[in-house]
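K.L.:
coords below, sequence missing:
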């Protein structure tokens, strides 16, 4: 057990970085997801196609490949950004594709009468999406978005593979120094379980508060 | 696919709306062209557009090497899928069993493994197990953690499938004098497996993506082969882009297969089965995204 208390600061830093990565990625992915979902239901065919292409390309290539391309490939074409920033942007774009699909399924679950009513009131596409359809859509997909949030937390671990010292990487480093794997990895696992428990609880609370029963 | 969703937010456009759509189309095409041009300029400015930096990717030895990597990827994925699916069936059967002592361990397994990143499991197999004398071959260092983490997802999919099969099926089996195990195996499971086939395919596609963790394990699957290649020929961005393209083709075909299966199922079975699947599959589908 001493291994953990001796290296509390490493674990703390790693945990903090994982939390930062997760929260920033979640916020970004929500924005990206809303934009892409809006593109996919818009009346402009080019935008619909672009949104679909985005989702297909992002979802069908592993996140680790995206991270490797961004971290090691982009400097080759003169795009240089910090490791943390790069990882956040990549995870945002990747999870944005999944978020977009969840939100789109929410939009499809909104009864057609809502959109018709909005148009009958004279609202434009953007207005009816923003004021009428999207708020209802988001409230119906709280649970799927919660699942995506947990998936995002799991995926932040991949940043370890390209050199971000978040929780997984911190645990690995402590283990390489101390060679007491059981305690170290169990601690990291418990930390992840606690974080996903928190995400799950938050989802549950929001679900009870916002969910629309259909 | 987009037909019902696209009808929700706009009607058949009138003359003004059509003009607006045309303007938006022009603007977005222009924006797209500008983006592509910027990207290409960035490539060109840094000398990455030179033909001799791309030519190797048109040669057979290069493709043979990459296809060997792809073959290893597919092998690792196939073995992991087989193990994870088999374990998933066992876990799912445990979770629907009438005995509490059989229900709790699989439930605990699923809940715990669902919340541990696959990479952490990989690190455990890579760095923890050898301390206790378990030093697996490279292939299994990748397959074991992937199977462990995906078994939970497969279990949830199978459970959703089993629960979507009407109670009457199991009861009819029992009434015929089958034991519970046999009724499950010969009556309920085959129907359940058919219903969740699309989710199983998309979960398998997710697992295929996870095999890119071979990059960490140094198992020579597609991504790690790319790393070795890029270290050797210094064509870093070209190699990784070609590899991304290969992943895209394989996974997009799997996703298409899943969609086709789903569409076919929606058209075929009886009404009762259709409604039951509609109730059960959304949960399975969101879990399937959880890879």
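P.N.:
Good, I have the coordinates. Because the structure is a prediction, the values reported are computed rather than measured.
K.L.:
switch to C-alpha atoms for all contacts and neighbour counts from now on
P.N.:
Noted.
K.L.:
So is the host helix or strand of residue A:85 next to chain B?
P.N.:
Using DSSP states H and E, residue A:85 sits in helix A:83-109. Yes - counting by C-alpha under 8 Å from any C-alpha of the partner chain, chain B is contacted by helix A:83-109 at A:98, A:107-108.
K.L.:
Tell me the one of the residues you listed nearest residue A:170?
P.N.:
Nearest to residue A:170 among those is residue A:98, at 27.8 Å by C-alpha to C-alpha.
K.L.:
dump the residue contacts of the closest one.
P.N.:
A:33, A:55, A:59, A:148, B:289 (C-alpha atoms under 8 Å, 6 or more residues apart in numbering or on different chains).
K.L.:
burial count for the fourth one?
P.N.:
Just to be clear, that refers to residue A:148. 24 (other C-alpha atoms under 10 Å in any protein chain shown).
K.L.:
Same check on residue A:32?
P.N.:
Neighbours of residue A:32 (other C-alpha under 10 Å): 21.
K.L.:
Let's see the pLDDT reported for it.
P.N.:
Per-residue pLDDT puts residue A:32 at 97.
K.L.:
if I look at it, how far off is residue A:40?
P.N.:
Counting by C-alpha to C-alpha, to the nearest Å, the gap from residue A:32 to residue A:40 is 12 Å.
K.L.:
Then residue A:52?
P.N.:
From residue A:52 to residue A:40 the distance is 7 Å (C-alpha to C-alpha).
K.L.:
higher neighbour count, these two?
P.N.:
residue A:40 (27 against 20).
K.L.:
In space, what's closest to that one - neighbours in sequence excluded?
P.N.:
residue A:48 (4.3 Å; C-alpha to C-alpha, 6 or more residues apart in numbering or on different chains).
K.L.:
quick one: that neighbour and residue A:54 touch, right?
P.N.:
No - counting by C-alpha atoms under 8 Å, residue A:48 does not reach residue A:54; the two are 9.9 Å apart.
K.L.:
Please identify the helix or strand for residue B:116.
P.N.:
Remark: residue B:116 resides in no helix or strand, with elements defined by DSSP H and E.
K.L.:
Give me the longest helix you can find in the chain.
P.N.:
You didn't say which chain, so I picked chain A. The longest helix of chain A (DSSP state H) is helix A:8-40.
K.L.:
wrong one, I was asking about chain B
P.N.:
Counting residues, the longest helix found in chain B (DSSP H) is helix B:60-95.
K.L.:
Summarise which helices and strands that one is packed against.
P.N.:
Applying 3 or more C-alpha pairs under 8 Å, 6 or more residues apart in numbering or on different chains; DSSP states H and E, one finds that helix B:60-95 contacts helix B:100-114, helix B:138-164, helix B:197-210, helix B:222-233.
K.L.:
Centre of the chain to the following helix or strand past the longest one, how far?
P.N.:
Read it as helix B:138-164. Following helix B:138-164 in sequence order, the next helix or strand is helix B:167-175 (DSSP H and E). Its chain's C-alpha centre and that of helix B:167-175 lie 33 Å apart, by C-alpha atoms, centre = their mean, to the nearest Å.
K.L.:
hang on, the earlier thing: quick one, the helix or strand just after the longest helix of chain A and helix A:83-109 angle?
P.N.:
Under the assignment DSSP H and E, the closest C-terminal helix or strand after helix A:8-40 is helix A:45-60. For helix A:45-60 against helix A:83-109, the angle by axes from the mean of the first three to the mean of the last three C-alpha atoms, to 10 degrees is 120 degrees.
K.L.:
what distance separates the start and the end of stretch B:50-68?
P.N.:
From its first residue to its last, stretch B:50-68 covers 27 Å (C-alpha to C-alpha).
K.L.:
residues near residue B:15, how many?
P.N.:
Look at residue B:15: counted by other C-alpha under 10 Å, it has 9 neighbours.
K.L.:
next one: the one 3 residues further on
P.N.:
The criterion is other C-alpha under 10 Å. On that basis, residue B:18 has 14 neighbouring residues.
K.L.:
do the same with residue A:75
P.N.:
So residue A:75, with other C-alpha under 10 Å, has 14 neighbours.
K.L.:
so how far is residue B:225 from the most centrally placed residue in chain B?
P.N.:
In chain B, the residue lying closest to the centroid (C-alpha atoms, centre = their mean) is residue B:206, at 1.8 Å. Distance, residue B:206 to residue B:225, by C-alpha to C-alpha: 20 Å.
K.L.:
Next: residue A:24.
P.N.:
To residue B:225, residue A:24 is 32 Å away according to C-alpha to C-alpha.
K.L.:
Looking at these two, which is more packed in?
P.N.:
Relative neighbour count places residue B:225 above the other of residue A:24 and residue B:225, with 24 against 16, counting by other C-alpha under 10 Å.
K.L.:
who are the neighbours in contact with the nearest residue to that one once chain neighbours are set aside?
P.N.:
Computed as C-alpha to C-alpha, 6+ apart, the closest residue to residue B:225 that is not its neighbour in sequence is residue B:69, at 5.8 Å. Going by C-alpha under 8 Å, 6+ apart, residue B:69 touches B:220-225.
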